[in-house]
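K.L.:
let me see the structure of the following:
(one chain, ligands or ions: 1)
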Amino acid sequence: MSQTRPKTRPEAHSKMFSPTAKAGIHPATEAEAATEASESLDPTDWAGFRAQAHLMLDDMLGYIEKIRERPVWQPIPEEVRARFRSPAPRQGEELTQIHAEFMREILPFTQGNVHPGFMGWVNGAGTPVGMVAEMLAAGLNANLGGRDHIPVEVERQVARWVCELFEFPEGASGLFVTGTSMANLIAVLIARDSALGVAVRARGVAAEPQRLTAYTSNAVHGCVPKAMDIAGIGSDALRLISTDSRYRIDLEALEKAIREDRAAGFTPFLVVGTAGTVNTGAVDDLAGLAELCQREKLWFHVDGAFGALAKLAPDLAPKLKGMECADSVAFDFHKWGQVPYDAGFILVRDAAAHRNAFVSPAAYLKRASRGLAAGSPWPCDFGPDLSRGFRALKVWFTLKALGTERLGAAISRSCALARYLEGRIRETPELELMAPVELNIVCFRYHTEDPGAQNSSPENSDPGSSSPEISNQVNEEIAVRLQESGVVAPSTTMIAGRIAIRAAIVNHRTGRAEIDDLVNGTLEQGRALLGRIPPAPAE
Ligand SMILES: Cc1ncc(COP(=O)(O)O)c(C=O)c1O
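P.N.:
Coordinates of the predicted model:
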């Protein structure tokens, strides 16, 4: 099975290359070679290291397998936190001790997104397959900035798979990045350079006479205005268009804003549609946006951080109609793709425009037609990073091991769970749904207004409890108490000026039991906070 190292140099190689002995340099004696090996940072006791490494792998597999037996999250004790303030070690210690410290002081105090009760923010859960692939990638320690090696081909293969999935043309370019925040920034930069010409990269935006403007809905993720800021265009130049009752961009208002900006001398250049808004999971009318962008000659970018991968689920894919017409799509494999952090991706229809925005020749990165410096263009020509890890491997393993159908089914299931939660909220008078459930995000609150006199104890009923401030305080407190309970971990957001408890169901391990825990826990905490008596169980 295992490949043995060739004992001699390959023939072609030895013909061209003189070994050091021939060049008059003495080969190291065995003793010298042994000393040199011990000066490297590799283990001196490989057998011992191997045994310890197997233990570490086993511990992590056990952690995931038994994750349900742990709290989803727990506060970090002060003495544990304090131990992470110690100075950098001058001498190394035994790996066994460091591992024990990890098990004792790191592993129990993580965010909890591996746990099925985690439903805060929008976080993926990872899989054991992704975890072991990450270990293999670390062993290879490949740098995917460039050069001619198979890890770059793996990344290119995943890019082709994404192209196919998103119905993009074959020549489109794709690149792994940290996350959608970075992918959105890359899209803004490509769109900017396409509008102003690549000379803007040298001259800077300030030298350009045009005043660029971009458009998105007021439900946009905060990383898009940040991208406008970093791109030198300014976040004020991003027009936040109003949304309809389902939190989707209002196309008429968008057209009007573009018209008014043109009349005022601005240069509209970009529209960002969202496939799955961060607050409520709304999906813009992407086909409508595509058509408008084509008519107005604007770059059409889709922020599909989590929603884009709904393409994998046949029942959800129609919601994304129009995404296939985008100029670029940003999304994450680390959210609904369940790949361990981090694994963001940017897909660009026009590979030349993508490359023009980032290519940066340097003597030390000179390309060749043969040898290790072959294989141009390199990934570093498509983004800001030169040193890049092998993110593609964990995605490649995940896709190969689980298949797109199983991943799609998990995505579909999280939307079914969201609908189940919606149903439970609708049938519970003490709870109120705060936004339509479009995909996998459910926003709701515990009613601080008295939902039915029969549920209140007269001595505790508080007429002031109907104010928005009380509602916000109570719901914020419920979310914190739920997190501290270790059972479920939702987050909060603001919907129509009110704090909502937000369940973003991304985790493939989450099931109905966790949804029931969320509902029951919310009721229990809400009643405790307002001194309400639970209704008598139905006969
Ligand atoms: C719609 C949307 N856009 C962008 C982002 C940012 O993605 P990342 O955290 O991978 O940078 C998120 C994160 O949840 C998101 O939901």
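K.L.:
where exactly do the helices run in the stretch 201-350 of the chain?
P.N.:
223-230, 251-263, 286-296 (DSSP state H, counting those that start in this stretch).
K.L.:
need the contact list for whatever residue of the stretch 151-300 of the chain ends up closest to the ligand.
P.N.:
In the stretch 151-300 of the chain, the residue that lies nearest the ligand is Gly179 (2.5 Å; C-beta to the nearest ligand atom). Any C-beta I mention is one placed from the backbone N, CA and C, and that applies to glycine too. When contacts are counted by C-beta atoms under 8 Å, 6 or more residues apart in numbering, Gly179 is found next to 305, 332, 334, 342, 344.
K.L.:
thought Phe306 was touching the second one, still the case?
P.N.:
The reference is to Asp332. Yes. With contact defined as C-beta atoms under 8 Å, Asp332 reaches Phe306; the gap is 6.6 Å.
K.L.:
so which of the contacts of Gly179 comes closest to Glu94?
P.N.:
Glu94 lies nearest to Asp342 out of the contacts of Gly179, by C-beta to C-beta, at 30.5 Å.
K.L.:
how far away is the closest residue to that closest one other than its chain neighbours from Ala343?
P.N.:
Leaving aside its sequence neighbours, Asp342 sits nearest to Thr178 (C-beta to C-beta, 6 or more residues apart in numbering; 4.8 Å). Thr178 sits at a distance of 9 Å from Ala343 (criterion: C-beta to C-beta, to the nearest Å).
K.L.:
what does Glu260 give?
P.N.:
For Glu260, the distance to Ala343 equals 40 Å [C-beta to C-beta].
K.L.:
when those two are compared, which one has more neighbours?
P.N.:
Using other C-beta atoms under 10 Å, the more surrounded residue of Glu260 and Ala343 is Ala343, with 27 against 12.
K.L.:
contact partners for the residue found closest to the more buried one once you drop the neighbours it is linked to in the chain?
P.N.:
Once flanking residues are discounted, Ala343 sits nearest to Phe333: 3.9 Å by C-beta to C-beta, 6+ apart. Residues near Phe333 by C-beta under 8 Å, 6+ apart: 124, 309, 339, 343-345, 395, 398.
K.L.:
Phe358 too?
P.N.:
Contacts for Phe358 were tallied using C-beta under 8 Å, 6+ apart; they are 186, 189, 380-384.
K.L.:
who wins for most neighbours among these?
P.N.:
Ile186 (25 neighbours).
K.L.:
with distance to the ligand, pLDDT and secondary structure as extra columns, can I get the contacts of Phe358 in CSV?
P.N.:
Listed next are those as CSV, based on distance: C-beta to the nearest ligand atom, whole Å; pLDDT from 0 to 100; DSSP: H, G, I helix; E, B strand; the rest coil:
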residue, distance to the ligand, pLDDT, secondary structure
Ile186, 12, 98, helix
Leu189, 16, 98, helix
Cys380, 20, 98, helix
Asp381, 22, 98, helix
Phe382, 18, 98, helix
Gly383, 14, 98, coil
Pro384, 14, 98, coil
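K.L.:
can you give me the strands for this structure?
P.N.:
With DSSP state E, the ranges of strands along the chain come out as 118-119, 173-177, 212-217, 238-241, 267-274, 299-303, 328-332, 344-348, 431-433, 441-446, 489-495, 498-504.
K.L.:
from Leu292, how far out is Cys443?
P.N.:
Cys443 sits at a distance of 28 Å from Leu292 (criterion: C-beta to C-beta).
K.L.:
more neighbours, the two?
P.N.:
Cys443 (27 against 20).
K.L.:
is the more buried one bridged to anything, and to what?
P.N.:
Cys443 has these beta-bridge partners by DSSP bridges: Arg502.
K.L.:
what sits against it?
P.N.:
Cys443 is in contact with 279-280, 433-435, 493, 495, 500-503, counting by C-beta under 8 Å, 6+ apart.
K.L.:
ok, so of the residues you listed, who is nearest the ligand?
P.N.:
Asn279 (8.7 Å).
K.L.:
hang on, the closest one packs against Thr243?
P.N.:
No. Contact criterion C-beta under 8 Å: Asn279 and Thr243 do not qualify, at 10.2 Å.
K.L.:
what touches both of the two?
P.N.:
Ala219.
K.L.:
out of the helices of the stretch 201-350 of the chain, which one sits most buried?
P.N.:
Among the helices of the stretch 201-350 of the chain, helix 223-230 has the highest mean neighbour count (mean count of other C-beta atoms under 10 Å), at a mean of 21.
K.L.:
for the stretch 251-400 of the chain, which residues are neighbours of the ligand?
P.N.:
Neighbours of the ligand within the stretch 251-400 of the chain, by C-beta under 6 Å from any ligand atom: 274, 276-278, 303, 305-306, 332, 344.
K.L.:
now for the residue nearest to Asp342, how many residues are close by?
P.N.:
By the other C-beta under 10 Å criterion, the neighbourhood of Thr178 contains 17 residues.
K.L.:
again, but for His115
P.N.:
25.
K.L.:
hmm, which two among the contacts of Gly179 are most spread apart?
P.N.:
Spanning the widest gap among those are Ala305 and Asp342, at 12.2 Å by C-beta to C-beta.
K.L.:
for the residue nearest to Asp229 when sequence neighbours are not counted, give me its contacts.
P.N.:
Nearest non-adjacent residue to Asp229, counting by C-beta to C-beta, 6+ apart: Ser235, 4.7 Å away. With contact set as C-beta under 8 Å, 6+ apart, Ser235 has these partners: 225-226, 228-229.
K.L.:
redo the residues you listed as a markdown table? Include distance to the ligand and pLDDT.
P.N.:
Formatted as a markdown table, these follow (distance: C-beta to the nearest ligand atom, whole Å; pLDDT from 0 to 100):
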| residue | distance to the ligand | pLDDT |
| --- | --- | --- |
| Pro225 | 11 | 98 |
| Lys226 | 10 | 98 |
| Met228 | 14 | 98 |
| Asp229 | 15 | 98 |
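K.L.:
could you dump these to CSV with distance to Ser173?
P.N.:
Below are the contacts of Ser235 laid out as CSV (distance: C-beta to C-beta, whole Å):
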residue, distance to Ser173
Pro225, 25
Lys226, 23
Met228, 22
Asp229, 25
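K.L.:
which one among those gets closest to Arg85?
P.N.:
Lys226 (30.4 Å).
K.L.:
and stretch 323-331, end to end?
P.N.:
Terminal residues of stretch 323-331 are spaced 12 Å apart (C-alpha to C-alpha, to the nearest Å).
K.L.:
with stretch 298-310 instead?
P.N.:
End-to-end for stretch 298-310, by C-alpha to C-alpha: 25 Å.
K.L.:
chain center to it: distance?
P.N.:
Relative to its parent chain, stretch 298-310 has a centroid offset of 13 Å by C-alpha atoms, centre = their mean, to the nearest Å.
K.L.:
mean confidence score for it?
P.N.:
Averaged over stretch 298-310, pLDDT sits at 98.
K.L.:
run a quick neighbour tally on Cys163.
P.N.:
Cys163 has 18 nearby residues by other C-beta under 10 Å.
K.L.:
can you give me every residue that contacts it?
P.N.:
Here Cys163 is in contact with 169-170, 172, 174, 347 (C-beta under 8 Å, 6+ apart).
K.L.:
need the pLDDT of whichever residue of the stretch 1-150 of the chain sits closest to the ligand.
P.N.:
Here the stretch 1-150 of the chain gets closest to the ligand at one residue, Val122, 3.9 Å apart by C-beta to the nearest ligand atom. If you check Val122, the pLDDT there is 97.
K.L.:
include distance to His54 when you put the strands of the chain into TSV, please.
P.N.:
Output for the strands of the chain, formatted as TSV (distance: least, C-beta to C-beta, whole Å):
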stretch	distance to His54
strand 118-119	29
strand 173-177	29
strand 212-217	49
strand 238-241	51
strand 267-274	45
strand 299-303	42
strand 328-332	32
strand 344-348	32
strand 431-433	48
strand 441-446	40
strand 489-495	32
strand 498-504	36
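K.L.:
if we can go back for a sec, which among the contacts of Cys443 gets closest to Val205?
P.N.:
Asn279 (30.2 Å).
K.L.:
no further queries at this time; thank you.
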